[in-house]
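>>> Kindly generate the corresponding structure for this input.
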Amino acid sequence: MRGVDPASAAARLEMAFAALNRARAEAAERWDDPMSRSFDKEFLAPLDSKVKRALDAIRHLTEALSKAERECGE
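Take a look at the predicted model:
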């Protein structure tokens with residue numbers, strides 16, 4: 001697609017989220033107390049479903065844009 005590349009945005013989001021999860025796992029080796037568990041529960045746990053929904057939405061958008069391009073003959 002010209003100008004808009006939602007697939008690249010999705011790939012960057014997936015890589016960033018994977019990096020966040022790796023960093024958190026590494027930090028958990030040294031930080032495992034009630035505050036860390038609270039942090040995980042309040043901030044990190046909700047991200048999983050939000051990132052998955054965002055990726056699903058980006059994939060849907062990509063399909064819709066591809067279909068529109070085909071229908072417009074580009």
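
>>> Show me the shaky parts of the protein.
1-4, 74 (pLDDT under 70).

>>> burial count for residue 64?
11 (other C-beta atoms under 10 Å). C-beta here means a position set from N, CA and C on the backbone, and glycine is covered the same way.

>>> tell me which element it is part of?
Assigning secondary structure by DSSP states H and E places residue 64 in helix 45-72.

>>> May I see the buried residues of that helix?
Buried residues in helix 45-72, counted by 16 or more other C-beta atoms under 10 Å: 51, 54-55, 58, 62.

>>> packing partners for it?
Helix 45-72 sits against helix 6-28, with contacts defined as 3 or more C-beta pairs under 8 Å, 6 or more residues apart in numbering; DSSP states H and E.

>>> just the angle between the helix it packs on and helix 45-72, please?
170 degrees (axes from the mean of the first three to the mean of the last three C-alpha atoms, to 10 degrees).

>>> So which elements touch helix 6-28?
helix 45-72.

>>> Measure how far the helix it packs on is from the centre of its chain, please.
Distance of helix 45-72 from its chain centroid, counting by C-alpha atoms, centre = their mean, to the nearest Å, is 11 Å.

>>> Check stretch 6-16 too.
Per C-alpha atoms, centre = their mean, the centroid offset for stretch 6-16 relative to its chain is 7 Å.

>>> just the CA coordinates of that stretch, formatted as CSV?
Extracted in CSV, the C-alpha atoms of stretch 6-16 (Å, rounded to 0.1, in the frame of the first residue of the first chain):
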residue,chain,number,x,y,z
PRO,A,6,-0.6,-0.8,8.9
ALA,A,7,1.3,-4.1,8.6
SER,A,8,4.6,-2.4,9.6
ALA,A,9,2.8,-0.7,12.5
ALA,A,10,1.5,-4.1,13.7
ALA,A,11,5.0,-5.6,13.4
ARG,A,12,6.5,-2.8,15.4
LEU,A,13,3.8,-3.1,18.1
GLU,A,14,4.4,-6.9,18.3
MET,A,15,8.2,-6.4,18.6
ALA,A,16,7.8,-3.7,21.3
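
>>> what does that stretch rub up against?
Under the contact criterion C-beta atoms under 8 Å, 6 or more residues apart in numbering, stretch 6-16 has outside partners 51, 54-55, 58-59, 61-62, 65.
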